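A.B. asks: I would like to see how this sequence folds:
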Amino acid sequence: MKERQKQVRGSRRAFFRSVAGLGVAAGTGALILRYGSEAQAQTTAVEVPSSQGYVETDHIRKYYETARG
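C.D. replies: Model (predicted):
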């Protein structure tokens, strides 16, 4: 009888370990799919401007005027 109980408990533990492992793997996979594709899309969407240096636009000039006053 004890041998049967050990076998059942062992198989239960193995089952719960495998379920927990699958849950962690599924969660990791979901995060990779969600954030991995977004990060990849962001890196491809951003174009690096040519090396022109600092460019003062109208928006920046207005900011400087308000900051001085």
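A.B. asks: Which of the helices and strands in the chain ranks last by mean pLDDT?
C.D. replies: helix 37-45 (a mean of 58; mean pLDDT, DSSP states H and E).
A.B. asks: moving C-terminal of it, what's the next helix or strand?
C.D. replies: Where DSSP states H and E defines the elements, the next helix or strand beyond helix 37-45 is helix 58-68.
A.B. asks: Which neighbouring elements make contact with that next one?
C.D. replies: Of the remaining helices and strands, none touches helix 58-68 by 3 or more CB pairs under 8 Å, 6 or more residues apart in numbering; DSSP states H and E. Bear in mind the C-beta positions are built from the backbone N, C-alpha and C, glycine included.
A.B. asks: Tell me where the model's unsure across the protein.
C.D. replies: 1-9, 37-51 (pLDDT under 70).
A.B. asks: the longest helix in it is where?
C.D. replies: helix 2-31 (DSSP state H).
A.B. asks: So which elements touch it?
C.D. replies: The contact analysis (3+ CB pairs under 8 Å, 6+ apart) places helix 2-31 against no helix or strand.
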